[in-house]
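Visitor: here are the coordinates; sequence isn't available:
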């Protein structure tokens, strides 16, 4: 049974009461929240995700609720609970769904030290995966959304779970977070794209999540061989173009973007050295999303 | 549930997914997930664990191994800075690591602890400062409080690596009701194999220090982990000739019979730690009066559970709070305690409320 099989009312009821247990492959998550924005976001963005039976092992017990006390009513806030802990300061109430997404990223990065976890989008075609590392503002998520809409399989928009020994990436397909103008860019370029609720005033500006393709969710169990590291640079009005990236800077980029570098210490260093050694490293400059997707197919797939 | 598993690791065979759900959550909140991973690995039980919980144990095992490496590296750097000034005497987690104790495997801890003779304190502080260790407290009152009434300096932090260092100058506070003979314990410290200039407390003293830390200091958020240390020390050193015979006499000699009594009692009660015959009754020289003991049993049995809703009853937070107040009571005479608490109540701390993870500026939620 999937989230979409539950009626909207039933979904909200389950979320508010015992919690909704989902397979967000490779993880299992139980989400509890009485907040309707959370139910909206889940109904839209997690429609194709499988519900879990009672008694299943749950990786992350998550609860999003207003704080007790004054901030429940006065400029209301929302608190993120990871099991019995509250790892973050509260956020404004209307950011409840983005908070779920950010919080879940953190839970995964903190507890998945068998992999080096890099802040990066990952897409795959023909069994080969490309990771797109980069902080916000480099066009990582927009590029990821464009590639996915053009038929690449989504492995993740945020987290590359890299097994350095095998060179395989474990997919963790989740909604793609789009910011500010990107929301409109994707809406215009791909009218079929399904977007969740828009949070207008986050620290990163206006934010909305794109529902991942059903096929990517269904194939989440298929790992992919990591073949390219492509560092995206969005440059308005530029022509799409690849250029080689030396291994040193590529390593520094991954190290800077690895969520669990501190926890893994020396292991993270070794894992990333192996990973960079194994991959072809490229810079990619682009100005238009449709051109970018064509350029990816031509350059990366053309050589394969 | 977790305490049962720690006492008998074989009990995990046959756990279903919902039982694992509780064990993993309790172990995570008790900072014992890595320890649990080492125990299951050592018992050869990893393959019988369902995939979901097994992945958490594998992750935690790697975190534990990475932690061990960084503790070793940090200690060796510290040793270089202190060379020629004072011998480096490790306490607690780092000591267990270098003493090669099985309990060190998978033990996560936040800071390094070292013990320095009081008369070397100034010199040590200045070499540490030159090596980039700076104080985390810029408040005059805190500085005075730690120096005059406590047994350690305000925590130091390494400016480029972020590691926290606690410099102790005694085993217990000089104003406390229980005053350990720190000098006798320092004098009996033993060198660490193959690392010149590095010392740890002698086995019996190491156990006594661990007991003092848990049963006098009142910080019980990681109480179960600290009890697991005591259990590990007793099992490991208990196999050495002479250990059990020295335990009670040494505790009396250095003034730590009371914490030893509690350590033996609750390790046996909660973790089934084997205690050599006769030692428990000998340790009763450190026992409190009967009513006090009944109260302590009530409090510690609750406070030493994993810090998780599935293992707490309504009394658990109360028990932790009472023991915290008790620790302050033990630490200083009443007039001083009254002064300290009044001062704390009236003068607002210059620090922000501590975030559970990271500092306010490095909020862990990455938005992207």
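Guide: Looks like it came in fine. As the structure is a computational prediction, the values presented were derived from the model and not from experiment.
Visitor: avg pLDDT for stretch B:100-108?
Guide: Across stretch B:100-108, pLDDT averages out at 82.
Visitor: if you look at it, does any of it touch chain A?
Guide: No. Judged by CB under 8 Å from any CB of the partner chain, stretch B:100-108 stays clear of chain A, getting no closer than 9.9 Å. C-beta here means a position set from N, CA and C on the backbone, and glycine is covered the same way.
Visitor: how about that stretch: buried residues?
Guide: Buried residues in stretch B:100-108, counted by 16 or more other CB atoms under 10 Å in any protein chain shown: B:101, B:103, B:104, B:105, B:106, B:107, B:108.
Visitor: Out of the residues you listed, the closest to chain A would be?
Guide: Using CB to the nearest CB, residue B:108 comes nearest to chain A of these, at 9.9 Å.
Visitor: so who does that closest one touch?
Guide: Counting by CB atoms under 8 Å, 6 or more residues apart in numbering or on different chains, residue B:108 makes contact with B:31, B:34, B:63, B:64, B:67.
Visitor: Could you report the separation of it from residue A:263?
Guide: 10 Å (CB to CB, to the nearest Å).
Visitor: Same question for residue A:240.
Guide: Counting by CB to CB, the gap from residue A:240 to residue A:263 is 37 Å.
Visitor: that's a helix at residue B:337, yeah?
Guide: Yes. Per DSSP: H, G, I helix; E, B strand; the rest coil, residue B:337 lies within a helix segment.
Visitor: Let me see the confidence value for residue 184.
Guide: The chain I'm using is chain A. Residue A:184 is given a pLDDT of 92.
Visitor: To clarify, I was referring to chain B.
Guide: At residue B:184, pLDDT is 94.
Visitor: Phi and psi next, for it.
Guide: phi -60, psi -40 (degrees, to the nearest 10).
Visitor: How about residue A:161?
Guide: Phi and psi for residue A:161, reported as degrees, to the nearest 10, are phi -90, psi 100.
Visitor: Please look at it and residue A:169 and confirm they touch.
Guide: Yes. Residue A:161 is in contact with residue A:169 according to CB atoms under 8 Å; the separation is 6.3 Å.
Visitor: if we can go back for a sec, for the contacts of residue B:108, which single residue is the most surrounded?
Guide: residue B:34 (26 neighbours; other CB atoms under 10 Å in any protein chain shown).
Visitor: Could you double-check that that residue lies in contact with residue B:67?
Guide: Yes. Using CB under 8 Å, residue B:34 makes contact with residue B:67 at a distance of 7.5 Å.
Visitor: What helix or strand is residue 295 located in?
Guide: Chain wasn't specified; assuming chain A. Element membership of residue A:295 [criterion: DSSP states H and E] is helix A:289-296.
Visitor: um, chain B though
Guide: Per DSSP H and E: helix B:290-303 holds residue B:295.
Visitor: can you pull the contacts of whatever residue of the stretch 51-200 of chain B ends up closest to chain A?
Guide: Per CB to the nearest CB, the residue of the stretch 51-200 of chain B with the smallest distance to chain A is residue B:52, at 3.7 Å. Listed by CB under 8 Å, 6+ apart, the contact partners of residue B:52 are A:28, A:56, A:57, A:59, B:17, B:20.
Visitor: from those residues, which single one is nearest residue B:160?
Guide: Nearest to residue B:160 among these is residue A:59, at 34.5 Å by CB to CB.
Visitor: What parts of the stretch 51-200 of chain A come near chain B?
Guide: Proximity of the stretch 51-200 of chain A to chain B, by CB under 8 Å from any CB, involves residues A:55-59, A:61, A:80, A:83-89, A:98-99, A:102-103, A:105-106, A:111-114, A:119, A:135-136, A:140-141, A:158, A:177.
Visitor: So if I had to pick from residue A:161 and residue A:169, which one is more boxed in?
Guide: Neighbour count, other CB under 10 Å: between residue A:161 and residue A:169, residue A:169 has more, with 27 against 22.
Visitor: doesn't residue A:224 make contact with the more buried one?
Guide: Yes. Checked against CB under 8 Å, the pair residue A:169 and residue A:224 is within contact range at 5.4 Å.
Visitor: which residues do these two both contact?
Guide: Counting by CB under 8 Å, 6+ apart, the residues touching both residue A:169 and residue A:224 are A:122, A:124, A:129, A:155.
Visitor: how many other residues sit next to residue B:205?
Guide: A count of nearby residues for residue B:205, using other CB under 10 Å, gives 24.
Visitor: is it fair to say residue B:324 lies in a strand?
Guide: No. According to three-state DSSP, residue B:324 belongs to no strand; its state is helix.
Visitor: how is chain A carved up into domains?
Guide: A:3-111, A:116-303 (automatic domain parsing).
Visitor: Export those domains to JSON lines and append columns for distance to residue B:243.
Guide: Output for those, formatted as JSON lines (distance: least, CB to CB, whole Å):
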{"stretch": "domain A:3-111", "distance to residue B:243": "38"}
{"stretch": "domain A:116-303", "distance to residue B:243": "34"}
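Visitor: and residue B:323, which of the ones you listed is closest to it?
Guide: Ranking these by proximity to residue B:323 (CB to CB) places domain A:3-111 first, at 19.6 Å.
Visitor: distance between the ends of that closest one?
Guide: 25 Å (CA to CA, to the nearest Å).
Visitor: related to what we said a few turns ago, need the residues touching each of residue B:108 and residue A:263.
Guide: Residues touching both residue B:108 and residue A:263 (CB under 8 Å, 6+ apart): residue B:63.
Visitor: Let me see the contact set for residue A:227.
Guide: Residue A:227 touches A:128, A:129, A:130, A:279, A:280, counting by CB under 8 Å, 6+ apart.
Visitor: In chain B, which helix is the longest?
Guide: Secondary structure of chain B per DSSP state H: the longest helix is helix B:51-82.
Visitor: Below-threshold pLDDT in the chain: ranges please.
Guide: Went with chain A since none was named. Scanning chain A for pLDDT under 70 picks out A:70-72, A:303-304.
Visitor: To clarify, I was referring to chain B.
Guide: Scanning chain B for pLDDT under 70 picks out the ranges B:149, B:218, B:332-335, B:341, B:344-368.
Visitor: As a check, name the ranges of all strands in it.
Guide: Ranges of strands in chain B, per DSSP state E, are B:88-91, B:111-115, B:133-135, B:156-158, B:164-168, B:190-191, B:198-200.
Visitor: Get me the contact residues on the stretch 1-150 of chain B for chain A.
Guide: So the stretch 1-150 of chain B meets chain A at B:16-18, B:20-21, B:24-25, B:28-29, B:50, B:52-53, B:55-56, B:58-60, B:62-63, B:65-67, B:69-70 (CB under 8 Å from any CB).
Visitor: Could I get the contacting residues of whichever residue of chain A sits closest to chain B?
Guide: Distance from chain B to each residue of chain A (CB to the nearest CB) is smallest for residue A:57, at 3.7 Å. By CB under 8 Å, 6+ apart, the contact list for residue A:57 reads A:28, B:17, B:18, B:20, B:21, B:24, B:50, B:52, B:53.
Visitor: Please apply the same query to residue B:20.
Guide: Residue B:20 neighbours (CB under 8 Å, 6+ apart): A:57, B:49, B:50, B:52, B:53.
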